[in-house]
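Engineer: Here's my sequence, what's the structure:
(chains A and B)
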Protein chains: 2
Amino acid sequence: MDRISKSTRTKEQIIATALRLFAERGYEKTSMQDIASTLGMSKGGIYHHFKSKEEIIHLVRETKANRIKENLGKWMDIIVAQTAREKLTAILEKNIADEEAHAWDAAFSSQMKSADFILSIMKNSINDSAPVLSGILKEGLQDGSITTMYPDEAAEAFLLLMNIWCDPIIFEADEKKLIRRLKFVQAMMRSVGADIVSDEVIHETSALLKNLYVGDSERNAP
Amino acid sequence: MDRISKSTRTKEQIIATALRLFAERGYEKTSMQDIASTLGMSKGGIYHHFKSKEEIIHLVRETKANRIKENLGKWMDIIVAQTAREKLTAILEKNIADEEAHAWDAAFSSQMKSADFILSIMKNSINDSAPVLSGILKEGLQDGSITTMYPDEAAEAFLLLMNIWCDPIIFEADEKKLIRRLKFVQAMMRSVGADIVSDEVIHETSALLKNLYVGDSERNAP
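Structural biologist: I've put the predicted structure just below:
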């Protein structure tokens, strides 16, 4: 292994370990020393690769965004669906059933109240995810399974509402309130001509977010 | 005038002057010294009342939020409408025609990219404005002018989308894109049973935001 690939490998190990510790203990409560000790490295060894914990979480976020894109591509290939509408529903269901992604969410949950982090989720939703969603909605306009006059706008509004408003860590909500928000998004998308949110997605999302939320509260409890 | 009321009066003068300077020059380019000089005070005199420029803008925001509430109450009293739906449409039109509020918006426009500020707008929308809007939607359910099954959720989603997504300073949009977003919100609210966004609101909002946006770019130009 040459020096560059060894350095890349070490960085990947640091990121993987940091992600696991962030998920277990929360971002705030994980120190650079913790990451170093877990890897059997010196703290200086970590600082050789990353200037700060912020730089690690930044890279973790980027890695997560790339993983979402890869998964989406993979699912697009394997999902067999009659229409674009069915394909979208299946993608949303796969996304919510993705165990690996939830490990990432747990790592981020203690950060979910940070304004910078929330803004980065919103920007990702609009700039990265919305064009993909909108592309499939436009396929649906061709095959007749989608009828909205506003595919770009429906994609953006859907992702902002799902990723931000329906996150009970950002906008406090008990389970009942959360389910009502999810059902509103379902009804809204249906009524603008993009009936893509299945009851299963609502059920699984509320179960997942409830766990994340409870997990986070417990972790932060005194 | 006793000492306490004199101090309150000085604070109000500082806030009013700061607001005007923020609007004219932008928040970033206004210094505590500028505020002091404009008022003919010493810089120490300002620091006696406010620890920092951040504290001033924080109070400016609070004052703005209170003013919105006062205006809303005033309009509720003077608007004569047959139904709650018409009342809401009239309120949205009054809101967009409110010259004073636009002076505040101009003062804030250079801050609109700050994550903390965006989060504070979102929290205000959900915690302060949404309950008022939702209350009127519920009146509409009584008089039959509103039919949504989700008055609370429609109010929250409407305000988030209008205040955040439809702000071209936060989510870059040319005029065409902005109008499409506003029309989507109109169609969405109509199709969930809350037809409250008139064409006039769309027209006035896009004109207003366009000016704000252009004003901001020019101010920040080198």
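
Engineer: A:Arg181: what secondary structure?
Structural biologist: helix (DSSP: H, G, I helix; E, B strand; the rest coil).

Engineer: where do the helices sit along chain A?
Structural biologist: A:3-25, A:32-39, A:43-49, A:53-78, A:84-97, A:99-108, A:115-124, A:130-143, A:151-160, A:175-191, A:199-220 (DSSP state H).

Engineer: Give the buried residues for the third one.
Structural biologist: Going back to what we said before, that points to helix A:43-49. For helix A:43-49, burial by neighbour count (16 or more other CB atoms under 10 Å in any protein chain shown) applies to A:46, A:49. Using the backbone N, CA and C atoms, a C-beta is placed for each residue, glycine as well.

Engineer: so what does that helix touch, helix or strand wise?
Structural biologist: Contact here means 3 or more CB pairs under 8 Å, 6 or more residues apart in numbering or on different chains; DSSP states H and E; on that basis helix A:43-49 packs against helix A:3-25, helix A:32-39.

Engineer: Compare those helices and say which comes out lowest on pLDDT.
Structural biologist: The weakest mean pLDDT among the helices and strands packed on helix A:43-49 belongs to helix A:3-25, with a mean of 83.

Engineer: so that helix versus helix A:32-39, what angle?
Structural biologist: 110 degrees (axes from the mean of the first three to the mean of the last three CA atoms, to 10 degrees).

Engineer: Only the buried residues of stretch A:81-92, if you could.
Structural biologist: Here stretch A:81-92 shows A:84-92 as buried, counting by 16+ other CB under 10 Å.

Engineer: Then stretch A:127-137?
Structural biologist: A:129-130, A:132-134, A:136-137.

Engineer: wait, does it contact chain B?
Structural biologist: No: Stretch A:127-137 stays clear of chain B (CB under 8 Å from any CB of the partner chain), getting no nearer than 9.1 Å.

Engineer: averaged over its residues, what pLDDT does that stretch have?
Structural biologist: Mean predicted lDDT for stretch A:127-137 stands at 93.

Engineer: quick check, nearest of the buried residues of stretch A:127-137 to chain B?
Structural biologist: The nearest member of the buried residues of stretch A:127-137 to chain B, counting by CB to the nearest CB, is A:Ala130 at 10.2 Å.

Engineer: Roughly how far does the closest one sit from A:Arg181?
Structural biologist: Distance, A:Ala130 to A:Arg181, by CB to CB, to the nearest Å: 19 Å.

Engineer: shouldn't A:Ala101 be in contact with A:Leu72?
Structural biologist: No: in this structure, A:Ala101 is not within contact of A:Leu72 by CB atoms under 8 Å, at 11.1 Å.

Engineer: Centre of the chain to stretch A:184-204, how far?
Structural biologist: 19 Å (CA atoms, centre = their mean, to the nearest Å).

Engineer: Quote the end-to-end distance of that stretch.
Structural biologist: Terminal residues of stretch A:184-204 lie 16 Å apart, using CA to CA, to the nearest Å.

Engineer: touching chain B at all, that stretch?
Structural biologist: Yes: for a cut-off given as CB under 8 Å from any CB, stretch A:184-204 has contacts with chain B, namely A:184-185, A:187-188, A:191-192.

Engineer: Tell me, how many residues neighbour the residue lying closest to A:Ser125 once chain neighbours are set aside?
Structural biologist: Excluding the flanking residues, the one nearest A:Ser125 by CB to CB, 6 or more residues apart in numbering or on different chains is A:Leu159, at 4.0 Å. The number of residues packed around A:Leu159, counting by other CB atoms under 10 Å in any protein chain shown, is 21.

Engineer: I figured A:Leu159 hits A:Ser129, correct?
Structural biologist: Yes: A:Leu159 is within contact range of A:Ser129, at 5.3 Å (criterion: CB under 8 Å).

Engineer: Quick one: name the residues of chain A near chain B.
Structural biologist: Going by CB under 8 Å from any CB, the residues of chain A near chain B are A:115-116, A:118-119, A:122, A:126, A:149-150, A:152-154, A:156-157, A:160-161, A:164-165, A:171, A:180-181, A:183-185, A:187-188, A:191-192.

Engineer: Pull out the buried members of those.
Structural biologist: A:115, A:118-119, A:122, A:126, A:150, A:152-154, A:156-157, A:160-161, A:164-165, A:171, A:181, A:183-185, A:187-188, A:191-192.

Engineer: what's the spacing between the nearest residue to A:Asp152 once chain neighbours are set aside and B:Ser125?
Structural biologist: Nearest non-adjacent residue to A:Asp152, counting by CB to CB, 6+ apart: A:Ser134, 4.8 Å away. Separation of A:Ser134 from B:Ser125 (CB to CB): 25 Å.
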